Each structure stands twice: as structure tokens, then as C-alpha cells.
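> Structure, please.
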Amino acid sequence: MNRVGRHRVGTMMILSAITAVTFQSAIARGQEKKNPVTKVLQPKAKTKPGRAKELLPPGVKPGRPGVPEPTVVLKPGEAPQVKFDTPVYDFGRLKAGGDVRHDYWFTNTGTGPLEILKVKPSCGCTTAGSHDRIVQPGERGKIPIKMGTEKFNGPVNKTVTVHTNATGKNARITLKIQGNVWQVFGVTPNRAVFGRVNEDDIDQTRETRITITNNTESPANLTNIRSSNPTFSAKANTIQPGKQFELVVSAGNTAVPGANTGEIKIDTGHADKPTIKVPISLYVAPAVDVTPAKLMLPSVRSSNTKRNLYVRNNSKEPLTLSDVQVPNPGLKATIEETRPGGKAYRVVLEIPQNYKPAKGDKISIKTSNSKVPMLTVPIKDQSASRTVRNQNGKYIVPKSQAPLATKASKDLAIVKKGNKPAAAKTNKEPAKPQGAPSN
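Okay, here's the model as predicted:
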């Protein structure tokens, strides 16, 4: 057979194979139509190991944490809508100390009952009063708001978030309060902050200056200046009689390691603002400190683990660490210098999987500093608690519950098998399901 003949034969064989495959595919499609195969739904993504599904209290929707579920059951075709008369309220210019009060009126422009599920101001200075909760189509309601102005000075912009049972952009509406607040006395800066000081340097006296300006026509006179903490003192210098003053605040050498706070009170002789209060703060870093101050270990660990303790030398003398004492022979400690000259160290702890902290367990590290000869870090068992969100959107811990790694993981295992978790035992009779006959 010549070359042309062989080519023709090969082409015919390829065409025959394609025809056979096409015929078999047609037969398979016909059988599928006669005996359709049930589709197997793929399971949803599993929860990450060690993380239980968040449990929400009754009446809270998973999609909007902290927002209660609607109590109104809408009928087919009903769709509530909301329109506020003034979603932005400008109160203008106001003297600090008074309250801003405003009623936000709204109308249900939809075809179903409108329910106000939650009203949430953006900060603690703003509160919502008793408001209309269910408003029928075409009817009006109001949300009263009160905002305190005592601590404001200058432009103010606050928001109030309103959650409803409407859909789309009407499900959550943001109301705004804006304006300008002025203080009788301008205090710049509004607090005396000395920052962070090392313990070796507290023998030096420190000063900071604050300008106090009277923004009214009535004259003022600063007298009777007193401090709530003897570490701090203050005196006033007059820049412009009756109008402007300089307050000089001093921090003495009696400050102790840690946070030192206080308040300066000043009498002004002004009817609108008889007293001015100026907060003070100073942090004294101890000669040697360790971070973290407490070592928290999970109740259940899948393997051996390591934890680091960071020791910082805040003194002028070089520091050396030695003799790390551990409460259990299974724990191993290694000291590493991270900054030359004895300025900083890292203590690496190797913790076996089966180690359970007992009451009073601690890590003790001996130092060469005479003020801090020993550093102590308690070891605690971190009982991982199952938290839920309440209706205010905050995480809370139920009073009686097993640790997450034990009870929650068991519940997940039971759910995985297709059963419901066992209900907690209580002395109360379990609630009957809706529609159940009474005894």
C-alpha cells in the first residue's frame, strides 16, 4: 500500500472512532433522561478546628449582630418603608453644659407595618428616649434623642443608627447631629500629660504649661488651686487680667512606679463655670519590667508549645538575668539577650502538651537589679469560654457552662453526626413547643 492509501485508511479509522464515541454519549444521555440521577449536595465548609459556631441568644439575627428579630409578621406583598423628615439636625452654636434635644420624625411610606428594631447612638454622650416601635402604613412616629455637651469644645458630629424591619437601604438608617459647642473657659491642652518616665529619673522635677482663656465678657480670677494627688502641684500666672491665664503644673519626686494620676481643681469666681478641672497623668516605668505580666495557657493544646517573656531594663545600669525557676520539671526556660549591654532579654519557655497549671504556679526570674531582684510571672489556665452576643451587640459569658474545648467541641461532634446537642439539665420544666397540647 502506498503512502496515499495508508493516509486514507488512517483517516477512516479516526472518523469511525469519533462516531462511536458520539453514539455512546447519545445513549448515555437518553438513559439519564429515563433514570435521572439524584444530585448529591456538597456539604458546607466545615468550621475551623478549635472554633465553635457562635451561639446567639433568642431574638438576635445572625446577619445583624445585636439587632432583635422583628415581631411583626408581614403578609405577602407588604413592604414597609421609612422616610425621616430631617435625618440631619444642626443645633447651631451652643454653650457647653446644656443638653441638645431633638425629635426625629419619620413616616411609614410603605405598604406594611414598620417596626423600629433598635436605635444605637454612636457614643455614650448621646441617648435615645422612648420611641414609637410599630408604625402602620401612612402613619408617623418619632425618635427622641438627647446629647450631652459638657466635654465638647468646637465642632461636634455624632450619629444615631436606626435598624428597621424594612429591606434594602431602609433596613439601616443613619441620623446625624452636628453643631458647634463653645466652653466658658478654653483649656489648652485640656489635660496635663507628663508621659513616661524611668524610675531612675523621678528625682527630677517636671513642669508643663496650660493656657486658660475666659470666652465670656464676665471677668474671672483663678484662686484656691488644689491637687488630688500630692505628687502634683500647680500655680496660675495672669497673662491678661480677667481673660487669660497660664497654669503651671509640676510633678514632684514622690511618684511611684506605675500610673500616677490626679486632678487639679481651680476656683474661677465665674457664675457660669465656678470650677475648672484639669486631669493629670504620669507613668513611671519600673527599673525592670516583664511582658506579659501574666502567662495564660489554653486549657487544651494539640501539641507542645512555646511562649516568650520579654524583659526590659529601664535603669541606667546593665542588667543580667539568671536562675529561671519553673513550677514543673517539664517546663524548660532559655534566656536570650535581644539588646546588647543588658538592655533587653527574651525568656523562651518550652511547655509540654500535658502541662496543666496548678494554683500558685509561676515563673521566677532572678535579676541583678537591686530595686527589682526578682521578676514573677503567674501562670494561669485560660478556660476558653463560649461567648454570645446579647441584644446590645456585646459579647457576654453565660454563668454556667463548660469550657469551649470540652463542651462546645462535643456539641459540634454530635451535630456532625446529625443529632442535636443535649440540653443542659435544669430544675425547671422544659418549655413545650408551640402547638403542643397542654396536660
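
> Quick check on Gly342: phi, psi?
Taking degrees, to the nearest 10, you get phi 70, psi 30 for the backbone angles of Gly342.

> if you skip the residues just before and after it, what's nearest to it?
Pro318 (3.4 Å; C-beta to C-beta, 6 or more residues apart in numbering). Quick note: C-beta positions are derived from backbone N, CA and C, even for glycine.

> same thing with Ile365?
Nearest non-adjacent residue to Ile365 (C-beta to C-beta, 6+ apart): Leu375, at 4.3 Å.

> Alpha carbons only: can I get the helix or strand harbouring that neighbour in PDB?
Using DSSP states H and E, Leu375 maps to strand 374-382. C-alpha atoms of strand 374-382 as PDB (Å, rounded to 0.1, in the frame of the first residue of the first chain):
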ATOM      1  CA  MET A 374      13.100  39.000  91.300                       C
ATOM      2  CA  LEU A 375      10.600  39.100  88.400                       C
ATOM      3  CA  THR A 376       7.500  36.900  88.900                       C
ATOM      4  CA  VAL A 377       5.000  35.900  86.200                       C
ATOM      5  CA  PRO A 378       1.900  33.900  87.300                       C
ATOM      6  CA  ILE A 379       0.800  31.000  85.000                       C
ATOM      7  CA  LYS A 380      -3.000  30.700  84.600                       C
ATOM      8  CA  ASP A 381      -5.300  28.200  82.900                       C
ATOM      9  CA  GLN A 382      -7.200  30.000  80.300                       C
END
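
> mind checking pLDDT for the nearest residue to Ile134 once chain neighbours are set aside?
Excluding its sequence neighbours, the residue lying closest to Ile134 (C-beta to C-beta, 6+ apart) is Glu115, at 5.2 Å. pLDDT for Glu115: 96.

> Spell out the secondary structure type for Glu115.
strand (DSSP: H, G, I helix; E, B strand; the rest coil).

> so who does it touch?
Pro70, Thr71, Val72, Pro80, Arg133, Ile134, Thr164, Asn165 (C-beta atoms under 8 Å, 6 or more residues apart in numbering).

> do the same with Thr254
Counted by C-beta under 8 Å, 6+ apart, Thr254 has contacts Pro230, Thr231.

> Quick one: list the elements packing against the helix or strand that contains Val278.
Using DSSP H and E, Val278 sits within strand 275-285. Judged by 3 or more C-beta pairs under 8 Å, 6 or more residues apart in numbering; DSSP states H and E, strand 275-285 is in contact with strand 185-188, strand 192-198, strand 206-214, strand 232-240, strand 244-251, strand 258-267.

> Quick check: which of these is buried the most?
strand 244-251 (a mean of 19; mean count of other C-beta atoms under 10 Å).

> Tell me the strands beside it, with direction?
Looking at strand 244-251 with DSSP bridges, its partner strands are strand 206-214 (antiparallel), strand 232-240 (antiparallel).

> Kindly export it (C-alpha atoms) in CSV.
Taking C-alpha atoms only, strand 244-251 is exported to CSV below (Å, rounded to 0.1, in the frame of the first residue of the first chain):
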residue,chain,number,x,y,z
GLN,A,244,-6.3,84.7,80.1
PHE,A,245,-4.1,82.8,82.4
GLU,A,246,-1.2,80.3,82.4
LEU,A,247,-1.4,77.2,84.6
VAL,A,248,2.0,75.7,85.5
VAL,A,249,1.6,72.1,86.7
SER,A,250,4.6,70.4,88.3
ALA,A,251,5.3,66.7,89.0
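
> chain center to it: distance?
Here strand 244-251 is found 37 Å from its chain centre; the criterion is C-alpha atoms, centre = their mean, to the nearest Å.

> And for stretch 368-380?
Centre to centre, stretch against its chain (C-alpha atoms, centre = their mean), the figure for stretch 368-380 is 32 Å.

> Please apply the same query to stretch 270-286.
28 Å.

> try stretch 259-279
Using C-alpha atoms, centre = their mean, the offset of stretch 259-279 from its chain centre is 32 Å.

> contacts for that stretch?
By C-beta under 8 Å, 6+ apart, stretch 259-279 touches 95, 97, 183-185, 187, 190-192, 210, 212, 214, 216, 218-229, 231-232, 234, 236, 247, 249, 251, 280-284.

> let's see it at 7 Å
Under the criterion C-beta atoms under 7 Å, 6 or more residues apart in numbering, residues 184-185, 187, 191-192, 210, 212, 216, 218, 220-229, 231-232, 234, 247, 249, 280-284 lie in contact with stretch 259-279.

> Please apply the same query to stretch 87-102.
Here stretch 87-102 has contacts from 145-150, 152-153, 173, 175-184, using C-beta under 7 Å, 6+ apart.

> list the buried ones in it?
Tyr89, Phe91, Leu94, Ala96, Val100, His102 (16 or more other C-beta atoms under 10 Å).

> Report the backbone C-alpha coordinates of that stretch in CSV.
What follows is stretch 87-102, C-alpha atoms only, in CSV (Å, rounded to 0.1, in the frame of the first residue of the first chain):
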residue,chain,number,x,y,z
PRO,A,87,-32.2,62.9,59.0
VAL,A,88,-29.5,65.6,59.7
TYR,A,89,-30.1,68.0,62.7
ASP,A,90,-27.8,71.1,63.1
PHE,A,91,-28.2,72.6,66.5
GLY,A,92,-26.0,75.6,65.6
ARG,A,93,-23.7,77.2,68.3
LEU,A,94,-24.3,76.2,71.9
LYS,A,95,-22.6,76.8,75.2
ALA,A,96,-21.2,73.6,76.8
GLY,A,97,-23.1,72.2,79.7
GLY,A,98,-26.6,72.1,78.2
ASP,A,99,-28.3,69.2,76.5
VAL,A,100,-29.2,69.0,72.8
ARG,A,101,-32.7,67.6,72.4
HIS,A,102,-34.3,66.7,69.1
